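Asks: what's the 3D shape of this:
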Amino acid sequence: MPHLEWQKSTYSSGNPNSDCLEAAQGPEGQLYFRESDAPHVVLTTFPDRWAGLLRLARQS
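Replies: Prediction:
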């Protein structure tokens with residue numbers, strides 16, 4: 001896996017030690033997501049698939 005610059009969700013409590021969703025973008029456009037309390041478990045997807053998931057979630 002490439003070196004990634006992880007960003008915490010803006011919905012995080014603001015406490016740098018709090019657990020929350022972190023996201024990063026890879027060099028070829030891949031999106032990576034992880035839970036800060038389990039950083040070894042990483043979900044990888046692409047922007048078009050992520051957008052499709054968000055569209056479906058909004059319809060529910």
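Asks: quick one: the helices in this structure?
Replies: 47-59 (DSSP state H).
Asks: for it, what's the longest strand?
Replies: Determined from DSSP state E, the single longest strand within the chain is strand 38-45.
Asks: who touches the worst-scoring helix or strand of the chain on mean pLDDT?
Replies: Lowest mean confidence among the helices and strands of the chain (mean pLDDT, DSSP states H and E): strand 7-8, at a mean of 88. Residues from elsewhere that reach strand 7-8 (C-beta atoms under 8 Å, 6 or more residues apart in numbering): Cys20, Leu21, Glu22, Ala23, Ala24, Ser36. Placement of C-beta: from N, CA and C, glycine included.
Asks: Could you check how far that strand is from the centre of its chain?
Replies: 8 Å (C-alpha atoms, centre = their mean, to the nearest Å).
Asks: re the thing from before, quick one, which of the contacts of strand 7-8 are buried?
Replies: Glu22, Ala23, Ala24, Ser36 (16 or more other C-beta atoms under 10 Å).
Asks: Inside strands: which ones of those?
Replies: Using DSSP E, the members of the buried ones among the contacts of strand 7-8 that fall in strands are Glu22, Ala23, Ala24.
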